[in-house]
Every structure is written in structure tokens, then in C-alpha cells.
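Student: Dropping a prediction and its sequence here:
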Amino acid sequence: MDKNKKKEPLIHITKRKEISRSREWAIRLGSILIALIVCAIITTLTTHLNPLSVYASMWEGSFGSERKMWALSKELSILLMVSVALAPSFKMKFWNLGGEGQVLAGVLATSACMITLGGKIDNAPLILMSLVTALIAGAVWAFIPAFFRAKWNTNETLFTLMMNYVATQIVAYFIIRWESPKGSGKVGIINSNTEAGWLPYVAGKQYLLVVLVAIVVTILMYIYLKYSKQGYELSVVGESENTARYVGINVGKVIMRTLIVTGLVCGLTGFLLVAATDHTITTTLAGGRGFLGVMVAWLAHFNPIGMVLSGLLIVFMSRGASEISTAFGLNRSFGDIITGIILFFVIGSEFFINYKVHFRKSGKEAADA
Amino acid sequence: MKKFLALLVSLLMVLTLLVSCGGGGDTTGGGEEEGGGEEGALKVGLITLHDENSTYDKNFLDAFNESCSKLGVEAIIETNVPEGQECYDKAMDLVDKGCSIIFADSFGHEDFMIQAAKEAPDVQFCHATGVKAHTEGLANYHNAFAAIYEGRYLAGVVAGMKLNEMIDGGTITADQAKMGYVGAYTYNEVVSGYSSFFLGAKSVCPTVTMDVTFTGSWYDETAEKEGANKLIQNGCVLISQHADSFGAPTACEAAGVPNVSYNGSTKAQGPNTYLVSSRINWSPYYEYAIGQVQNGGSIDADWTGTLDTGSVEILELGDVIAEGTQDKLVEVEAGLKDGSIHVFDVSTFTIKGEALPDGFEADVDSDPEYQADTPAVSGGYFHESEYRSAPYFPTADPIDGISLLDTAF
């Protein structure tokens, strides 16, 4: 035996330089396929249900009827808007975990306008005022941590996270102020009789407007990130702050500006949640989308168009999970387990897209070499 | 690439294999499913805020499943539905699935159920704990509650008996007979609950007083535990609660203070301190409402379950109850049933030193200004849950003998 010969490890990993589009997608689809198989095995073992009928019911949950497709589109639109809002922050490597609070700020501003001004001024100015205050509220909520980060280099992860709790508590306070009936801790549908401040239906479809807004925002964000100077600047800051400084970019200014963009879109989302879809205010109206949106954005590598796909995957599975629990009388957690497994594989596939795994060649081959 | 394709193909084959195997098992499963949905079987929907892990929702889910299997109707259950647009979406989805009657269990679902009721006039919508059916004027929208204040009163009698035992045994003096109550919000339902509980205790132990604290949440284990501990430190010798977690019972067990529970027995959490619990049994309502749809009858806009309908239940008694409690309970329950005892008998309590006068008005119709609108005192007692099913006992000032420690919520 040649003792000096270094033993090759069983597995070693190298970074891929380039990978073809088709290969990339083959890996992705392959991983979903494996995930489905793993889920099928787990489903059969734990529930004794036929995995195919479970999958069919997941499909049913999203596309089973026209109403469900609209509900899916609405959910996707709202989630997409939050994801699109967060994309510039994360592309700049600003860990904005405050989407939840930024959306809630918009929710609160819109509700405040609708509750205090409903019936006192006309609908058009009321809607406009709700929109403007929601945009400002969202932007301010995102600007605060950006300002501290730019001026004093505070940790944005903690800061944005804490801002969520502050927003939640402020909303909780106002819910008690506006509650009806007294002591119930619920606001109910705002202006349910007058529909003051409600956005109109487009073409008779309640959710169409939200879908249209989401499409426009997504396209605009795509253009902003890909073709605008500001979009380029924030990606340079994301790659390296020092490089950015070297080429003369004012890093602090870019951080604050980018977070205002994020906050504006989050505020707009909050506005839509109250004025177009839910017409109420609760502390959980943002519904975790501020965090889910991070995943959607990452999965799509911050490409707003790609986020349509990753967002669809997430919404589809969430609705599917709910449908499974209804159709088979299972606990919602089971649907969440399935969702978790599929996401695990999807996220895992990114590893295999970026890296190549080499196995040690058999002993003989190695000796020959 | 070839290797990869090979892998893909083999995976596909495995999947096909699995499908064919699974398919075999499915025929029976699918058959059963179709069997359940046979033609003519009524479809009935239920929307719940959480799932069976919440004691509140479990109470509804168990009753619903039991009633549906008893009546031979097909149950479709949507759990974890938040109090927002999602509730409307799910309700309409249940309509699409062919449900003739749809129930919801949480107060915040009400507006969204009304929204759905307006859109689907042929389907009956029944909302538990809601307050708007009698003013909304929709033929297919209904509220339901139970006269749970009678259950609370009975639980209060058990508590009063325990206090008497403590006084007689010399553990406390008569004027130390102070109870504590952990409430959720300063909401009518909670106020009616602690007031009737207090009056029950007072009916057997005249010197009793009570401190009430609020948590600002229907379910917050830590806050409920802390609330109970605070009350115990303030000198409360017996604790009860209107909140859904095991927070208060656990705190009581640790401190050795007797506890009166709600919604379910907590004997397991507090074997040495659990006295009694009361709860609403929703089965009678489900059977009534579904039965009306089956027979083509109409459902009352407001339905209030009572001790007689079996909607108000007193659960198992604990091991540490005072002697004679059982007999006393039977006696009081009979009195409540035959109308010789009224929980809110105006001769038994005062508010700000005065008895409620005849014709005293309560806020029964919900409006933003909380204006009193309906005379609720006549014949010598306050008529709770008669003019609408949800309680409306006045919240402004507590009954004398009760002190509210905080009213922020």
C-alpha cells in the first residue's frame, strides 16, 4: 500500500460553474417527484389512505371550482405582492424580517381612514386617502430600521423583527378602541352597510382588482430590479458594500431608499387586504406572509416573475393542506407535514443546482487512475 | 445527463408501481366515500376557528360529529378558519359542496357568515355566540347560545359550599371569603358568566366577595396562570375562570387553591383542587337545527339552550367538594328548572348600592354607541338570553361585592 497516497473521500462536493436551464429544471422537477414519492409513502404508512386520492384532493383544493380558483388567485396575489416587496431588500442582503409589520402598518392606516372617515366624506377621496396613508405608513415602518442601519449599523434582522411586535401591539390597541360590541375584542366587517372605503369590484369579480394590481406591481418590480439604475445599485450593495462604496455609491442612501420601496409595496398590500378583500382588521391579518414571502423570494432568486411560480407552489400547497384536512377528516398538521416535506426537497434541490456531488470511484478504477 | 434521465425514468417507474398498489387499496376507500354521500343524504357544514387541540373548538367538533352521525347526515368540517375573508370563502365553498346548513363556532366569524348568508339565500347559516341575527332580518341567518349563566350559577353554589366549609373549619374567617376570577375580555358573555357565578356562591355564602382580572385573550396560558397567581397573592381563596387554557387550574393546583373550571373537567390537571366545571353542550342545537332543515321547518333567529334541553351541563364533581354539595345541587337545579329560582333575581344583588329597577334597559341590539334599548327587568328578575341568545348582562358596573382589578380589555 502506498501510504503517501491520499485517500479520496467517499463523497466530495464542488461548486458548479455553469448549468444549463434544462438541467436546472430537470433537477427541480426531479426533486418534486422524489418529494411526492416520499410523501406518498408517509401518507400510506401513517393514514392508510391512497396517496393519489390525497394528491387529487390537494389539487381539488386549489382548482376544484371557479370560486376556489379565485380564492387561489387572491391568495397568490397577496403573497406575491409581499414577496415582490421584500425582493429588493433581500437582493441588497438587508435581512428584512419585518414584512409582517410593514403590511400591518398599511392595514392599520387603511382601517383608521375607513372607520373614522367612513360616511363623512365621499368614497373616492376616502379610498385615495386610505391608499396614500397606507403607502406612507408602510414606508415609514420599513424606513425606521433602514435609517438606524444606515446611520449606526444596527442589526436589521432583530430590528425589523421587533418592529413586527410593535405593529401588532399598536393594532391590538386600536382593535380595542374600535371593537364592536364592547369587550368582544373584534372589529368585524368595517362599514358593512355603507361599504364606505371599499374598493369596487372589477367586471363583477371581487378579487379581480387585487390580481390586476399584483400583476402590475410584479412587472414594475421586475423592471425596477433588472433595468433601473437604482435596481443595479442595490444589487451592488448586496454583492459587497465595500465595492459599492469604492464605485461611489452612497450605501446608506441606497439602503434607506430600497426599504422605502419595500415599505410602499407592503403598505399597498395592507391597503388591499382591508379595502378590497377582508374589510376588517385583526392582529393576524398579515397572516405570516411577511415570512412566507421571504421564502418565495429566495426560491425565485429574487426574480419577480419567478416568484409567481414559487408563490403558486406555496399557496397551492397551503390550500391543498386545508382541503386534505376537510376531505379526509385529518388534522391540519398532516397537510403541513406534506407541505414541509415538499418544501424540504424543493429547497434541497437548489443545493444540487449549485453544487455537484462526486462519489469516490470504485477501488479498481481509483488504482488505475 | 443520460444518468440523470435514467434516474428520472426509474423514479417514474417506482411512482407508477406505488400508484398501482395504492390504487388497489383505494377502491374500498373510494367506495366508502361515495357511500357516505349517497343521494338524499343531507350535507351539513361546520366552520371552526381552530381544531380539536383547542378545548373551545373541540367542544363544538365533538358535538357536531356526534349529532351528524346520530341524524345520518354527511358532515363536512373546515377547521382552522380565521375570522376574516377566509371564513366567507370557506362558507361559500361549503355551499358549492352542496351543504344545506352551515354552522360556525367563533364570534368573529359572524360578519362573514352574514355576508355568505346574503349571497346564498337557500342555505341556512347558523352562528354560535353571535349577536346580530335578530337585527339583521335575514330569513336564513340564525344565532344560538345557551343559558350558560345557569350552569355558572350552579358552579357558584359548589364554590359557596366550599367556602362555607373553609369558614366552618376555621381556615378562613367569614369576611376572608374572597374568590378570584380570571376573565378574558370585559365582554357581556364574560360579565354574565362571572356575575352568575358570584350570585351562585352568594346564595349559600352571603359574605362572599370576588376580584376579577382580565387577560385580553380567549386563550393565553401564561396570562391566565399569572392572573390566577396574582389573585391568589391578593388573598383569593378560590379561583374560577372564563378562558380556555389550563393556565388557571394548573396555578391553583400548584398553590393548593380550589378551582372551578369551565368548558371541560380539569380534574386531571388538578386532582387536589378541582371542584366542578360547567359547559355548553352544542348537540341539542345541532340536532334541532339540522332536524328543522330535514323536516322543512324554520329555524329560530335566536335559539337559547337550557338545562332542560340538555345544552347547559354541570360536569363531574371533584374529590375535594364540601359535604352535602351533591344534594344542594339537585335542589338548586330543580329550582332553576321550575322557575322558583332566578339567577338574576333583583332582590339578591345591587349595583352601585341599588337594585335594578323594573323596566331596566339592556343593550340587546348591537350599535356602535352601546346604547341600552330593551327593557330586561320584569317580574323581579333580569331576563338574560331571552331577547337574543347571546348574554347581554350590563357591563358598565359590576354587582356590589365584585371588584374589577383591571378593565383595559
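Tutor: Sure, I can see it.
Student: Minimum distance to chain B, which residue of the stretch 101-250 of chain A gives it?
Tutor: Per Cβ to the nearest Cβ, residue A:183 is where the stretch 101-250 of chain A lies closest to chain B, at 3.3 Å. All C-beta atoms are positioned from the backbone trio N, CA, C, and that covers glycine.
Student: Flag the shaky bits of the stretch 1-150 of chain A, pLDDT-wise.
Tutor: By pLDDT under 70, the low-scoring segments of the stretch 1-150 of chain A are A:1-6.
Student: Under the pLDDT cut-off, which ranges of the stretch 1-150 of chain B? List them.
Tutor: In the predicted model, the stretch 1-150 of chain B carries pLDDT under 70 at residues B:1-39.
Student: just the strands in it please.
Tutor: Ranges of strands within the stretch 1-150 of chain B are B:43-47, B:74-78, B:101-104, B:124-128, B:141-146, based on DSSP state E, counting those that start in this stretch.
Student: Kindly present those as TSV, with separate columns for distance to residue B:378.
Tutor: As requested, the strands of the stretch 1-150 of chain B are exported to TSV (distance: least, Cβ to Cβ, whole Å):
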stretch	distance to residue B:378
strand B:43-47	37
strand B:74-78	41
strand B:101-104	33
strand B:124-128	27
strand B:141-146	21
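Student: okay if I get those as CSV plus mean neighbour count?
Tutor: Below are the strands of the stretch 1-150 of chain B laid out as CSV (neighbours: other Cβ atoms under 10 Å in any protein chain shown):
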stretch, mean neighbour count
strand B:43-47, 26
strand B:74-78, 20
strand B:101-104, 28
strand B:124-128, 27
strand B:141-146, 26
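Student: Not counting sequence-adjacent ones, nearest residue to residue 231?
Tutor: Looking at chain A here, since you left the chain open. residue A:225 (4.2 Å; Cβ to Cβ, 6 or more residues apart in numbering or on different chains).
Student: wrong one, chain B
Tutor: Of all residues not flanking residue B:231 in the chain, residue B:180 sits nearest, at 3.0 Å (Cβ to Cβ, 6+ apart).
Student: related to what we said a few turns ago, for the residue of the stretch 101-250 of chain A closest to chain B, give me its contacts.
Tutor: By Cβ atoms under 8 Å, 6 or more residues apart in numbering or on different chains, the contact set of residue A:183 is B:185-188, B:190-191, B:395, B:409.
Student: quick one, phi psi at the residue lying closest to residue A:184 once chain neighbours are set aside?
Tutor: Spatial nearest neighbour of residue A:184, chain neighbours left out: residue B:187 (5.1 Å); criterion: Cβ to Cβ, 6+ apart. Reported as degrees, to the nearest 10, the phi and psi values for residue B:187 are phi -90, psi 150.
Student: Which strands and helices lie in contact with the helix or strand containing residue A:234?
Tutor: Under the criterion of DSSP states H and E, residue A:234 resides in helix A:229-239. Applying 3 or more Cβ pairs under 8 Å, 6 or more residues apart in numbering or on different chains; DSSP states H and E, one finds that helix A:229-239 contacts helix A:66-91, helix A:208-227, helix A:241-246, helix A:251-272.
Student: would you turn these into CSV with mean neighbour count?
Tutor: Shown next, in CSV, are the helices and strands packed on helix A:229-239 (neighbours: other Cβ under 10 Å):
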stretch, mean neighbour count
helix A:66-91, 24
helix A:208-227, 17
helix A:241-246, 13
helix A:251-272, 25
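Student: Ok, which of those comes nearest residue A:115?
Tutor: When the helices and strands packed on helix A:229-239 are ranked by distance to residue A:115, counting by Cβ to Cβ, first place goes to helix A:251-272 at 14.3 Å.
Student: which element follows the closest one toward the C-terminus?
Tutor: For helix A:251-272, the following helix or strand on the C-terminal side (DSSP H and E) is helix A:289-299.
Student: quick check: angle from that following helix to helix A:251-272?
Tutor: For helix A:289-299 against helix A:251-272, the angle by axes from the mean of the first three to the mean of the last three Cα atoms, to 10 degrees is 120 degrees.
Student: how about helix A:289-299, does it get close to chain B?
Tutor: No: interface with chain B: helix A:289-299 contributes nothing (Cβ under 8 Å from any Cβ of the partner chain), its closest point being 12.7 Å away.
Student: remind me, longest helix of chain A?
Tutor: Across chain A, the helix with the greatest residue count (assigned by DSSP state H) is helix A:123-152.
Student: shaky segments in the stretch 151-300 of chain A?
Tutor: For the stretch 151-300 of chain A, counting by pLDDT under 70, not a single residue falls below.
Student: if we go to 90?
Tutor: Within the stretch 151-300 of chain A, the segments meeting pLDDT under 90 span A:179-186, A:188, A:192-193, A:203-204, A:206.
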